[in-house]
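[1] pasting a predicted model and its sequence here:
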Amino acid sequence: MAVRLCDVASLLRSGSWAAEPWTGVIAAMETQLSNGPTCNNTAHGSTTINNCSSPVDSGNTEDSKTNLIVNYLPQNMTQEELKSLFGSIGEIESCKLVRDKITGQSLGYGFVNYVDTKDAEKAINTLNGLRLQTKTIKVSYARPSSASIRDANLYVSGLPKTMTQKELEQIFSQYGRIITSRILVDQVTGVSRGVGFIRFDKRIEAEEAIKGLNGQKPPGATEPITVKFANNPSQKTSQAVLSQLYHSPNRRYPAPLAQQAQRFRLDNLLNIAYGVKSRFPPMTIDGMTSLAGINIPGHAGTGWCIFVYNLAPDADESILWQMFGPFGAVTNVKVIRDFNTNKCKGFGFVTMTNYDEAAMAIASLNGYRLGDRVLQVSFKTNKTHKA
DNA sequence: TAGAATT
């Protein structure tokens, strides 16, 4: 049930088009919708073989049962979006996206503290494994913060290419409780690259594992493995950014060009696939809507509002996150409910940040069969609910 | 020989 991510955003980024690039998204989404959250996680240049380490079990009954840590968030996801996503489960006491202190960049993880322990448990059961863009998020109980759990991540190299994640864990588990493990694999072939990571619960456990395993040969292996503390990726990011700011002030804004190229490619794709031209020049949509009085379907000033029709009475926000999240940045979802019965009135709204991603979601999800219903998905018009 | 896991 591997979900090889063929999502549209990553295809746009790579420029490698299939005839129908969104079929991968739909296939992955259907796997998720029918079987619950998945546990595969794809990152730049590497794939996690397995990342399922029973998030409901915090390993300590003394821990807080309301405070969650959320890992593998998309780089561009904001704290507000995090709050919106987890707020769809229940009342949130506090929510924080952790950012690099220097650059302000998201470090890809955050914390959500619920008022009610039941909502925290529901969030784990509902949102752990949710696909958002190229990521599969992990939701688990946060351990009490302390110095003893910091810097407990190990980098392991020289692993036999045949070694599985389970075998890797078996070797290291004698030194303490493993929080996460991963073996990096080649994106194309899926073959192990012979390197991986082991995160222990405690720093001291990691230290003991280095002492016991660095330079040792695993059972049946011909070469010894190297075990050392992993570098901190956030430090690398800071250094890279600062270096770039210092050395090349004229290259500080590379993103818009990439986005422009991406928009043209999407526009071409929609033209090829549907024989339609975008109604608005892709380059100027954002600028146009900043002008007062100009009215573009679906555009609410802070994003693109999408109308989703023919939802079932028991539909909730999580289904909208699951359907639209894989296509790109979603800032808000809302199911419209009857005031008295609290049942869905058959429709809802999704707000997405980027036109391209919203357009691809609509093109892919309009006509999508959800249960025994066929959904109608379009940009919101001004006749209906204001999101 | 390189992941955004403790606010």
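    Right, received. Where do you want to start?

[2] hmm, A:Ile198 and A:Leu168 touching each other?
    Yes: A:Leu168 lies in contact with A:Ile198 (C-beta atoms under 8 Å); the separation is 7.1 Å. In short, each C-beta sits where N, CA and C put it, glycine included.

[3] what touches both of the two?
    Listed as contacting both A:Leu168 and A:Ile198 by C-beta atoms under 8 Å, 6 or more residues apart in numbering are A:Val156, A:Ser181.

[4] okay, those two: which has more neighbours?
    A:Ile198 (27 against 24; other C-beta atoms under 10 Å).

[5] quick one: the strands in the stretch 201-350 of chain A?
    For the stretch 201-350 of chain A, strands defined by DSSP state E, counting those that start in this stretch occupy the ranges A:226-229, A:304-309, A:330-337, A:344-352.

[6] buried residues of the shortest one, list them for me.
    This points to strand A:226-229. For strand A:226-229, the neighbour count (16 or more other C-beta atoms under 10 Å) marks A:Thr226, A:Val227 as buried.

[7] what does the third one give?
    For strand A:330-337, burial by neighbour count (16+ other C-beta under 10 Å) applies to A:Val330, A:Thr331, A:Asn332, A:Val333, A:Lys334, A:Val335.

[8] what's around the nearest residue to the third one once chain neighbours are set aside, how many residues?
    Ranked by C-beta to C-beta, 6 or more residues apart in numbering and with sequence neighbours excluded, the top spatial neighbour of A:Asn332 is A:Thr351, at 4.3 Å. Using other C-beta under 10 Å, A:Thr351 has 23 neighbouring residues.

[9] who is A:Thr351 paired with across the strands?
    The partner list for A:Thr351 in beta bridges (DSSP bridges) reads A:Cys305, A:Asn332.

[10] hmm, it is touching A:Thr302, no?
    Yes: the pair A:Thr351 / A:Thr302 is scored as a contact, 7.3 Å apart, by C-beta under 8 Å.

[11] separation between A:Cys305 and DNA strand B?
    Taking C-beta to the nearest atom of the strand, to the nearest Å as the criterion, A:Cys305 is separated from DNA strand B by 28 Å.

[12] and that residue, how far from A:Leu213?
    53 Å (C-beta to C-beta, to the nearest Å).

[13] got the contact list for the residue nearest to A:Asn332?
    A:Ala300, A:Thr302, A:Gly303, A:Trp304, A:Cys305, A:Ile306, A:Val330, A:Thr331, A:Asn332, A:Val333, A:Ala387.

[14] again, 6 Å this time
    A:Thr351 makes contact with A:Gly303, A:Cys305, A:Thr331, A:Asn332, A:Ala387, according to C-beta atoms under 6 Å, 6 or more residues apart in numbering.

[15] and it, how close does it get to DNA strand B?
    Separation of A:Thr351 from DNA strand B (C-beta to the nearest atom of the strand): 24 Å.

[16] what do you get for A:Gly367?
    On the measure of C-beta to the nearest atom of the strand, A:Gly367 and DNA strand B end up 34 Å apart.

[17] dig out what the closest residue to that residue other than its chain neighbours forms beta bridges with.
    Leaving aside its sequence neighbours, A:Gly367 sits nearest to A:Val374 (C-beta to C-beta, 6+ apart; 6.1 Å). For A:Val374, the beta-bridge partners are A:Arg369 (DSSP bridges).

[18] ok, A:Val374 - how many residues close by?
    A:Val374, neighbours per other C-beta under 10 Å, totals 12.

[19] measure it to A:Val308 for me?
    In terms of C-beta to C-beta, A:Val374 sits 12 Å off from A:Val308.

[20] can you check A:Val112 too?
    25 Å.

[21] these two: which is more packed in?
    A:Val308 (30 against 27).

[22] looking at it, the more buried one is touching A:Gln376, isn't it?
    No: here A:Val308 does not reach A:Gln376: they are 7.6 Å apart, not a contact under C-beta atoms under 6 Å.

[23] any idea of the pLDDT on the closest residue in space to A:Leu73 that isn't next to it in sequence?
    Using C-beta to C-beta, 6+ apart and skipping the chain neighbours, the partner closest in space to A:Leu73 is A:Gly108 (5.1 Å). Each residue has a pLDDT score; the one for A:Gly108 is 96.
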